[in-house]
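*Asks:* Build me a model from this:
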Amino acid sequence: MLSKYGKTSAPQVGLFGDHALRCARGSKLRTRWHDSIKNVYAMLATTAGLNRTLEPEQMMLFSNDRPDLAVRNENGHYNVITDVRTAVPSLAGICPGAAATPGHTTACAEAENEVKWMQQTAAQSLTFCALVAEDGGRLGVGALRFVNFLASDAGSSMGERRAFVCFALQRVRCATVKGGCTFILRACQRVLS
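*Replies:* This next block holds a predicted model:
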């Protein structure tokens with residue numbers, strides 16, 4: 001995907017492992033980072049009283065793609081699916097835009113994610129939420145919408161919903177930052193060895 005700042009995914013390896021943070025063929029640390037965020041969203045859906053499934057197989061009719069999390073409505077039918085995406089603002093193709101515009105990194109990652117999922121989900125009358133998290137803790141618009149969606153089921157009063165949103169955002173951001181920090185710590189240890 002091209003933005004006004006250049007290509008959005010650069011094959012570059014930084015001193016502190018920035019490529020490893022984004023690389024789909026990366027280490028088990030990257031998978032653990034992604035999965036810890038996915039598991040927080042699953043825990044939040046359960047806390048909100050929703051029936052959810054992690055990585056349901058054979059759900060998408062026109063592809064073999066598996067959403068990270070699927071939420072069922074009160075009739076037992078899936079109505080919302082999500083895909084977690086981790087994003088790194090320090091990659092060469094993203095950094096200029098990220099430095100100039102807060103949220104640029106998450107917006108680029110959300111756009112890439114929506115291209116993959118929107119047509120499939122629309123064909124099946126599902127709602128799609130791109131759950132994008134930057135390694136520094138910033139969340140994308142889709143992630144914030146999903147948390148608010150969960151909050152609408154989590155409490156009956158405005159105060160309960162606000163408390164849920166506060167708790168949820170803290171948990172997701174902690175999982176995001178912890179995962180990114182683990183990568184950086186490991187990369188620093190390799191450089192210093």
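*Asks:* give me phi/psi at E134?
*Replies:* With angles defined as degrees, to the nearest 10, E134 sits at phi -80, psi 160.
*Asks:* What ranges does this protein have for its strands?
*Replies:* Chain-ordered strands for the chain, with DSSP state E as the definition, fall at 2-3, 6-7, 51-54, 69-72, 78-87, 127-134.
*Asks:* Need the winner for burial among those strands.
*Replies:* Among those, judged by mean count of other C-beta atoms under 10 Å, the one packed with the most neighbours on average is strand 127-134 (a mean of 24). C-beta here means a position set from N, CA and C on the backbone, and glycine is covered the same way.
*Asks:* which residues sit against that one?
*Replies:* For strand 127-134, contacts defined as C-beta atoms under 8 Å, 6 or more residues apart in numbering pick out 37-38, 41, 68-69, 79-89, 105-106, 109-110, 113-114, 117-118, 121, 139-140, 142-143, 145-146, 149, 172-173, 175-176.
*Asks:* so it versus strand 78-87, what angle?
*Replies:* Using axes from the mean of the first three to the mean of the last three C-alpha atoms, to 10 degrees, the direction of strand 127-134 lies 20 degrees away from that of strand 78-87.
*Asks:* In this protein, where is pLDDT below threshold?
*Replies:* For the chain, the stretches with pLDDT under 70 are 1-27, 187-193.
*Asks:* one step back: same list (the strands of the chain) but as CSV, adding distance to G159.
*Replies:* Formatted as CSV, these follow (distance: least, C-beta to C-beta, whole Å):
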stretch, distance to G159
strand 2-3, 40
strand 6-7, 45
strand 51-54, 25
strand 69-72, 24
strand 78-87, 25
strand 127-134, 25
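*Asks:* Looking at the ones you listed, spot the one closest to S63.
*Replies:* Taking C-beta to C-beta, strand 78-87 is the member of the strands of the chain nearest to S63, at 12.3 Å.
*Asks:* mind saving the C-alpha coords of the closest one as PDB?
*Replies:* Coordinates of the C-alpha atoms in strand 78-87 are reproduced here as PDB (Å, rounded to 0.1, in the frame of the first residue of the first chain):
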ATOM      1  CA  TYR A  78     -21.500 -15.000  14.400                       C
ATOM      2  CA  ASN A  79     -22.000 -11.300  13.800                       C
ATOM      3  CA  VAL A  80     -18.600  -9.600  14.500                       C
ATOM      4  CA  ILE A  81     -15.100 -10.800  13.600                       C
ATOM      5  CA  THR A  82     -11.800  -9.300  14.300                       C
ATOM      6  CA  ASP A  83      -8.200  -9.500  13.200                       C
ATOM      7  CA  VAL A  84      -5.400  -8.300  15.400                       C
ATOM      8  CA  ARG A  85      -2.500  -6.500  13.700                       C
ATOM      9  CA  THR A  86       0.600  -5.200  15.300                       C
ATOM     10  CA  ALA A  87       2.200  -2.100  13.800                       C
END
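*Asks:* Ends of stretch 57-65, what's the gap?
*Replies:* 8 Å (C-alpha to C-alpha, to the nearest Å).
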